[in-house]
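Novice: What shape does this take:
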Amino acid sequence: MDKRTTLALLLMAALLTVYSAVFLRGPEPGRQADQKAEAPAPATAKLAETPTAPAPIPSPKAAPSVPERAVSVETPLYRATIGSVGGQLKSWELHFRGEKAMVLPGTIDNLGLVVMRPGQPPSPIAFTPSVETIKLDDAHPTGELRLVGEDGFGIRVTQVIRFRADSYVMDHEIQVENRHSVVQTFDVALGWTAPAEWPKDRESFAGVRPVYVVRLPKGSVWPRREHLGGAESHTGDDRWIGFEGAVAPVGQNGVYLSALVPRTPEMTVSESRREIKRVGNSNESSTFHIAEIGTRASVASLEPGKSWVGQVSTYVGPMEYDRLKSMGVGLEKAIYFGGFPFPESWAARYGLPSFPMEWIVVPTLAVMRWFYRFIPNYGIAIILLTVITKVLFFPLTIKSMTSMKAMQALQPQINALRSKYRSDPQRLQRETMELYRAHKVNPLGGCLPMVVQIPIFYALYDALSVSVDLQGAPFICFGHLFGVDLWICDLSRHDPTYALPILMGVSMFVQQKMTPVMGDPRQAKMMLFMPVVFTFMFLNLPAGLVLYWTLSNVLQIGQQKYMEKIGKKPEKAPARAAKKA
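Specialist: The predicted structure follows:
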């Protein structure tokens with residue numbers, strides 16, 4: 001392996017390290033149909049940012065006393081509990097590679113539907129649910145929950161939540177009717193809250209912890225992503241907003257999303273960070289910060305007898321690219337694929353040029369998913385991807401080996417030029433380039449296979465880091481012993497036995513010994529330490545990435561053996577002819 005190829009390897013490894021550190025990631029079932037009532041088409045009120053004249057404050061009316069109830073929702077994808085107060089999510093357990101909780105009451109909270117009035121505290125509506133249980137499956141693919149309640153000021157709110165058996169989406173249809181005799185002014189909001197700093201008394205929580213606030217401004221290609229501790233005060237017409245989270249310990253086993261998507265054009269999204277106090281078991285109060293996100297509609301003037309209707313979608317589930325994209329609002333951009341050469345956050349904030357890695361990662365994932373359909377093992381999918389890559393790039397490998405052998409043949413003449421023009425570097429460079437042109441040798445030809453593999457290398461690294469498809473995906477897993485995986489039980493994490501990085505180092509050493517030696521022989525001996533350096537660099541990289549690189553080295557060794565065999569055949573024929581003569 002010549003020093004140019006080695007330099008390319010070092011640059012690629014450095015870019016990977018910097019990239020990961022800085023730039024990185026319908027019809028109702030059963031008895032529900034009998035309980036569904038046809039509502040008259042309401043007259044829709046217009047929304048305005050500010051009312052033209054202050055509306056009179058309605059006198060409060062006693063809201064009917066409604067006992068709190070809970071509605072259970074069971075689908076093949078999740079199990080949820082919805083409270084009658086505000087339609088709040090009390091629990092949401094994902095059936096995704098085990099049970100994963102998305103809601104932790106008192107810490108990760110869904111606020112439900114809230115009505116806010118000028119000068120009044122937010123008021124959750126006490127709803128009466130239409131059903132107590134919703135169970136969806138292939139026979140009953142859709143379901144509906146109707147919640148009806150009043151706020152005590154003459155406002156009647158009807159919230160219809162629709163579920164699907166094959167989706168993590170809840171569709172909310174909110175109808176607000178003014179049953180008072182005066183004009184009403186209010187806001188309707190749905191929201192989520194999460195701690196900016198995770199409380200120490202909840203360390204044992206085995207669910208999904210929110211890590212970032214992410215939202216997509218209207219007309220923007222890049223989403224804005226802020227750590228919960230840096231959540232800003234914002235209200236705007238963004239396309240969606242959500243909490244991006246990971247399974248504890250944070251950063252391992254997958255990325256998940258709790259998002260709100262306004263479907264009514266006049267609805268806005270909001271982001272804020274506020275301080276609250278909590279009283280502990282010993283009656284000691286502590287102050288901590290929480291991040292809050294939500295959607296809001298400001299109804300400036302709702303006439304008596306009129307109604308306002310709004311729609312919102314809620315997504316609570318894993319960040320699967322195809323599912324997110326199917327919503328048609330750019331929700332798939334919540335997945336942090338990153339950008340090159342500048343990260344997408346810098347591109348969005350400062351207008352810097354950035355190539356979306358999504359354009360490379362998504363096709364790579366699509367190819368591996370296609371393989372996975374036939375052989376349900378992502379380790380095998382990575383192996384097949386590596387084989388196809390080496391076959392497609394085999395012509396470049398031939399050119400690379402030819403160029404390296406030509407460079408090796410010219411090495412005595414290059415050494416002579418170095419001795420002759422030792423005191424004139426510019427003349428040495430000109431004479432060397434003339435020698436290359438005279439013999440039609442490209443000095444960078446040996447780096448071609450390495451250069452073209454860099455995009456695939458980064459794409460696979462991104463796929464292993466941010467795609468839930470490969471999170472927790474095993475390759476050759478014999479089980480667990482004392483909490484240690486035997487052998488590769490998660491392709492997105494490093495090999496706990498370190499056997500694969502060592503095999504990668506051995507394959508790289510063999511490949512280097514087979515590569516034509518160019519330059520100073522002492523320098524070539526020093527290059528033999530490069531496999532050791534790369535072995536240590538790959539120890540903590542995802543096992544799927546190390547698998548790709550190891551197999552790529554092995555296939556490269558096979559290709560070099562094949563080319564050496566082909567190169568010796570023309571020499572044997574003249575030798576046999578000379579022997580006969």
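Novice: Please, where are all the helices along the stretch 251-400 of the chain?
Specialist: Ranges of helices in the stretch 251-400 of the chain, per DSSP state H, counting those that start in this stretch, are 321-325, 344-350, 358-374, 378-392, 394-420.
Novice: Mind telling me which of those helices the model trusts least?
Specialist: Among the helices of the stretch 251-400 of the chain, helix 344-350 has the lowest mean pLDDT, at a mean of 70.
Novice: all strands for the stretch 151-300 of the chain, in order.
Specialist: Remark: strands assigned in the stretch 151-300 of the chain by DSSP state E, counting those that start in this stretch are 155-164, 169-178, 184-195, 208-216, 224-227, 234-236, 240-247, 252-262, 268-279, 285-302.
Novice: quick revisit: columns mean neighbour count and distance to Leu555 on top of the helices of the stretch 251-400 of the chain, output as TSV?
Specialist: From N, CA and C alone the C-beta is placed, and that goes for glycine too. Formatted as TSV, the helices of the stretch 251-400 of the chain follow (neighbours: other Cβ atoms under 10 Å; distance: least, Cβ to Cβ, whole Å):
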stretch	mean neighbour count	distance to Leu555
helix 321-325	18	29
helix 344-350	17	33
helix 358-374	16	17
helix 378-392	18	4
helix 394-420	16	9
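Novice: Lys218: which of the ones you listed is closest?
Specialist: Nearest to Lys218 among those is helix 344-350 (13.1 Å), distances taken as Cβ to Cβ.
Novice: Distance-wise, check Trp198 relative to Tyr336.
Specialist: Trp198 is 20 Å from Tyr336, where distance means Cβ to Cβ, to the nearest Å.
Novice: Who has more neighbours out of the two?
Specialist: Using other Cβ atoms under 10 Å as the criterion, Trp198 and Tyr336 rank with Tyr336 on top: 24 against 18.
Novice: Now do the more buried one against Arg369, distance only.
Specialist: From Tyr336 across to Arg369, the span is 19 Å (Cβ to Cβ).
Novice: And Ala194, by the same measure?
Specialist: For Ala194 relative to Arg369 (Cβ to Cβ), the value is 31 Å.
Novice: Model confidence for Lys3, exactly?
Specialist: pLDDT, Lys3: 44.
Novice: Next: Lys572.
Specialist: Taking Lys572 on its own, its pLDDT is 48.
Novice: Equivalent analysis for the one 4 residues further on, please.
Specialist: You'll see Arg576 listed with a pLDDT of 49.
Novice: With the one 3 residues further on instead?
Specialist: Predicted confidence (pLDDT) at Lys579: the value is 49.
Novice: for Met518, same thing?
Specialist: At Met518, the model reports a pLDDT of 54.
Novice: Just give the closest residue to the most centrally placed residue in the chain, not the sequence neighbours.
Specialist: Centroid-nearest residue in the chain: Ile335, 3.0 Å away (criterion: Cα atoms, centre = their mean). Excluding its sequence neighbours, the residue lying closest to Ile335 (Cβ to Cβ, 6 or more residues apart in numbering) is Met319, at 5.2 Å.
Novice: The stretch 1-150 of the chain: helices as residue ranges?
Specialist: All helices of the stretch 1-150 of the chain, identified by DSSP H, counting those that start in this stretch, fall at 3-18, 32-35.
Novice: where along the stretch 451-581 of the chain do the strands fall?
Specialist: Along the stretch 451-581 of the chain, the segments classed as strands by DSSP E, counting those that start in this stretch run 476-481, 484-488.
Novice: would you turn the ones you listed into CSV with mean neighbour count?
Specialist: CSV is the format used below for those (neighbours: other Cβ atoms under 10 Å):
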stretch, mean neighbour count
strand 476-481, 11
strand 484-488, 17
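Novice: any chance of these in CSV, plus mean pLDDT?
Specialist: Converted to CSV, the strands of the stretch 451-581 of the chain look like this (pLDDT from 0 to 100):
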stretch, mean pLDDT
strand 476-481, 80
strand 484-488, 80
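Novice: Out of the ones you listed, which gets nearest to Leu352?
Specialist: With distances scored as Cβ to Cβ, the stretch of the strands of the stretch 451-581 of the chain nearest to Leu352 is strand 484-488 (37.7 Å).
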